[in-house]
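# Sequence and predicted structure are below.
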Amino acid sequence: DTEVTQTPKHLVMGMTNKKSLKCEQHMGHRAMYWYKQKAKKPPELMFVYSYEKLSINESVPSRFSPECPNSSLLNLHLHALQPEDSALYLCASSQGNGQGAYNEQFFGPGTRLTVL
Amino acid sequence: GENVEQHPSTLSVQEGDSAVIKCTYSDSASNYFPWYKQELGKGPQLIIDIRSNVGEKKDQRIAVTLNKTAKHFSLHITETQPEDSAVYFCAASTGGFKTIFGAGTRLFVKA
């Protein structure tokens, strides 16, 4: 299985809602990532988990809260989002432990989020 | 900080022609250079990568070259087909988790 899956595919939420994005991989990868991608732009790194511990937080606002329940799952909890948070949210995974390892990342299809 | 510049931003070719996308990186410690293809409504897909100890790598119609001295790397697609139409991102990494992406090239292959 060389696939990263994400649910839901599309999500529309109001600014007062609480929702969660889910990501799953069964490649035995120990690093998992959340990226945000705006239209016609490259992906922007938000968070990295390595061995289920938060390794990188790229100064993301606290209304985004990541969670890594186990080595195969990654969640992104959303609360009190703003319309400018509307974007494609991508999950990725890689084998590396972040210490000089080459970082071949596999991306999921993304969740298209619209905040009203 | 690390920066990756990518050109052109848009490229239109006739089916069967070749397409070349060029990137320049700023951090001389970069040692891994992946290329991603992103089709509409999908996530980026790794299509080829090259490591700093290699100057060129080929996989069927796709090839990547790396010039470490000039800090340039390029993607070459030969015999282009309509299904090659997509956005292509180059990227650079110094190892570890952070990957710096170029701005992307929108490739159109006209049948």
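Alright, I've got the coordinates.

# mind listing what's buried in stretch A:27-45?
A:His29, A:Arg30, A:Ala31, A:Met32, A:Tyr33, A:Trp34, A:Tyr35, A:Lys36, A:Gln37, A:Pro42, A:Pro43, A:Leu45 (16 or more other Cβ atoms under 10 Å in any protein chain shown). Placement of C-beta: from N, CA and C, glycine included.

# Out of those, which is nearest to chain B?
Of all those, chain B sits closest to A:Pro42, with 3.6 Å by Cβ to the nearest Cβ.

# Can you tell me how far that closest one is from A:Tyr35?
A:Pro42 is 9 Å from A:Tyr35, where distance means Cβ to Cβ, to the nearest Å.

# Okay, and which of the buried residues of stretch A:27-45 map to strands?
A:Ala31, A:Met32, A:Tyr33, A:Trp34, A:Tyr35, A:Lys36, A:Gln37, A:Leu45 (DSSP state E).

# What residues does chain B have near chain A?
For chain B, the contact set with chain A under Cβ under 8 Å from any Cβ of the partner chain comprises B:31-32, B:34, B:36, B:41-46, B:49, B:51, B:89, B:93, B:95-99, B:101-104.

# ok, of those residues, which come out buried?
For those, buried by 16+ other Cβ under 10 Å: B:31-32, B:34, B:36, B:43-44, B:49, B:89, B:93, B:95-99, B:101-104.

# A:Ser50 reaches A:His29, doesn't it?
No. Applying Cβ atoms under 8 Å, one finds A:Ser50 not in contact with A:His29, separated by 10.0 Å.
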